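Asker: Next one to model:
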Amino acid sequence: MKMSKKNKSAASLMMSTVLFFTIPATTVTAQEPAVPNTTVAVVALDDDGHEMSKEDDHGHAAESTGAKDGDNHAGEAPDAHGDDDHAGEAADAHADDDHAGEAPGAHGDEGGGDIVKLAPGVAQEAGIVLEQAELGALGESLSLPAEIRFDADRMANVTPKVSGIIDRLLVGEGDTVAYGDTLALITSRELAALKAQWLTAETRKSLAAQSLTRTESLWSQKVTSEATVQTARAELEAAKTASEAAETELHAVGIDHADLEKIAAAPDGNNANAYLIAPLAGTVVRRSITLGETVTAGDSSAKVLFTIVDDSVVWADIAVYKQDISRVRIGAPVALKSDAGDIMAQSTVAFVLPVIDEVSRTATARVIVDNSDRTLTPGQFVIADLSVGNAAEVLRVPQSAVQLVEDRPSVFVPVDGGFAPRAVMVGTTAGGYVEIKTGLEEDELYVSEGAFTLKAQLEKDAFGDGHGH
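Answerer: Numbers count the residues shown, from 1 in each chain. Purely as a prediction, here's the structure:
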C-alpha cells in the first residue's frame, strides 16, 4: 500500500517524537530479596499527543498504565512509592510509634519494655528489699505533731573520775568515737597518790605474810608463844584489808586488774596519767574543756567535759491530745513525715506515758525509731501519722512501696531478669501503710523498699528508648 506524501510526513513526524526513558522496577520473589531491574519503555505519541503502543527491541509491549508526563515511576505497581520513601514495606511499618511492629502488650504492666533489668547482686546494692504481702491491722489516720529526741540510753555525759589538769585533748566536736577510745589525758596527783597507797598496802601485805610464816615456824619449835602467832596473823589480815581497799579505790577511778600489774614497773610520772575513756560509741556533740584547764571529780557542780551521743536510734515523742489518748494503742503503726508529706521513717508506738502535761494538756506517745541512715535529727519537728481506732485486718504494704507508674498506683514485683510494675487498687492509708484491694495477693513477693529507685530507672529507660511512661 502506497502512502501519500502527506501521510509519509505524518509518519515521519510521529517517529521523531518517540521518547526513551528508563523505569526502575522491582522484581520480588518469595525466596529472594527484591532485585532492581531496568526496563526500557518506548512511548510513541501521535499527532494529538496521545500514547501509541509499541514494542521494544525485546518484543515487550511498552508499559503505559498510569504513565503521565513528568511521572518518573510509570509502570510501577500502585502505591509502590506512596508518601513513605520505604516502598515495599509492610503496611504501618512506620506508624507514629517508634516501636511499630512490636507484639501487642510488649509494654504492658509486667512485660516487654516495662521491666527494670537488675541482677540480684545489683538489686541488693541498690537497696531493693523484697517482702511477702501480708495482712495487718489498719485503722483510721491521725496526724499529730512530734519531736525527735536523743535516745537517753544512747547518750553519755563524760566527766573526770579524778581531779587534775588537762594535758592532752585527742578528740573534738563532730568526731566519731568507738567504745573505749581515749578522749583526753589528765595529769592527776590524786591518781598518783591512790596508786602509791595501793603499792604501800601491797608491800605491807607481803611483809606481813613473811612475818607470819617465820613466827609459825618458831612456834612449831616451841621458841615463841601462840600469842605472837595470833598477832602476826592479825597483822596479815589487816594488810590484806588495806590492800583490797586501795585496789577498790583504783577500780573506782577506772584502773582495772591489767593496769594494776603495770603500776610497779611504770616509768616515772606515768602513774599520774589518767585517761578519759569513751563509755559508748557515737559522735562527740559537745566539748567544754581546753588544754591546761583544771578539772575536778566528785563535785556535783563540776561541768561535763564531753557529750557523746549515738543517734543510730532516736525517740519520736508525739504530743497526743487528751481526747485522742484512748484511741492510741501500743504497737500502732506510725509514719514520721516531713512538712512536705514525705515519709522519713516508720515504726510503732512503744508506749504512752500515763501523765498529761499541765501546760500543753497533752500526753506523750513515744516511738523508738531506727535512724541508721541519719535521716532524722534530734530537735527536729515532724508530723506523726498514726493508725488509730478500731483496726481491721487488711492486705497492706508500706506507703513507699506504692508508686505512680503511668498515672496508676503500682507496686513492683519480681519477674524473670528484674522487676516490673503492677497496677493495684488502693484503699485506706494510715500509719505509713496502704491497703491493697486488688492487684496483689497475700504471700506474694513485692518490693517493700526501693520502689522509688525502680520507678526512676524505669522512667530513665523509657525516656531513652522513646516511650513516654
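Asker: quick check: domain ranges of this structure?
Answerer: 1-90, 116-137+394-465, 139-151+310-389, 155-309 (automatic domain parsing).
Asker: Can you lay out the ones you listed as JSON lines showing mean neighbour count and mean pLDDT?
Answerer: In short, each C-beta sits where N, CA and C put it, glycine included. Listed next are these as JSON lines, based on neighbours: other Cβ atoms under 10 Å; pLDDT from 0 to 100:
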{"stretch": "domain 1-90", "mean neighbour count": "11", "mean pLDDT": "42"}
{"stretch": "domain 116-137+394-465", "mean neighbour count": "17", "mean pLDDT": "85"}
{"stretch": "domain 139-151+310-389", "mean neighbour count": "17", "mean pLDDT": "91"}
{"stretch": "domain 155-309", "mean neighbour count": "15", "mean pLDDT": "91"}
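Asker: chain center to the helix or strand harbouring Ser347, what's the gap?
Answerer: Assigned by DSSP states H and E, Ser347 belongs to strand 343-352. Here strand 343-352 is found 19 Å from its chain centre; the criterion is Cα atoms, centre = their mean, to the nearest Å.
Asker: ditto for stretch 359-375
Answerer: 22 Å.
Asker: Just the endpoints, please. Distance across that stretch?
Answerer: Stretch 359-375 has its terminal residues 31 Å apart, counting by Cα to Cα, to the nearest Å.
Asker: likewise stretch 268-281?
Answerer: 32 Å.
Asker: Give me the contacts around that stretch.
Answerer: By Cβ atoms under 8 Å, 6 or more residues apart in numbering, the surrounding residues in contact with stretch 268-281 are 154, 156, 158, 160-162, 164, 167, 176-189, 191-192, 195-196, 253-254, 263, 305-306, 308, 310.
Asker: on that earlier part again, just checking: what are the partner strands of the strand holding Ser347?
Answerer: Under the criterion DSSP bridges, strand 343-352 sits next to strand 333-337 (antiparallel), strand 362-370 (antiparallel) in its sheet.
Asker: Which residues does the first one contact?
Answerer: Think strand 333-337. So strand 333-337 is contacted by 136-138, 146, 316, 318, 343-349, 367, 369, 376, 382-387, 399, 430-433 (Cβ under 8 Å, 6+ apart).
Asker: Next: the longest one.
Answerer: Applying Cβ under 8 Å, 6+ apart, the external contacts of strand 362-370 come out as 146, 148, 151, 312-322, 325, 328, 334, 336, 345, 347-357, 376, 384, 386.
Asker: make it 6 Å
Answerer: Contacts to strand 362-370, defined as Cβ atoms under 6 Å, 6 or more residues apart in numbering, come from residues 314-321, 325, 328, 334, 345, 347, 349-353, 356.
Asker: Just say helix, strand or coil for Glu237.
Answerer: helix (DSSP: H, G, I helix; E, B strand; the rest coil).
Asker: For it, give its distance to Gly180.
Answerer: 37 Å (Cβ to Cβ, to the nearest Å).
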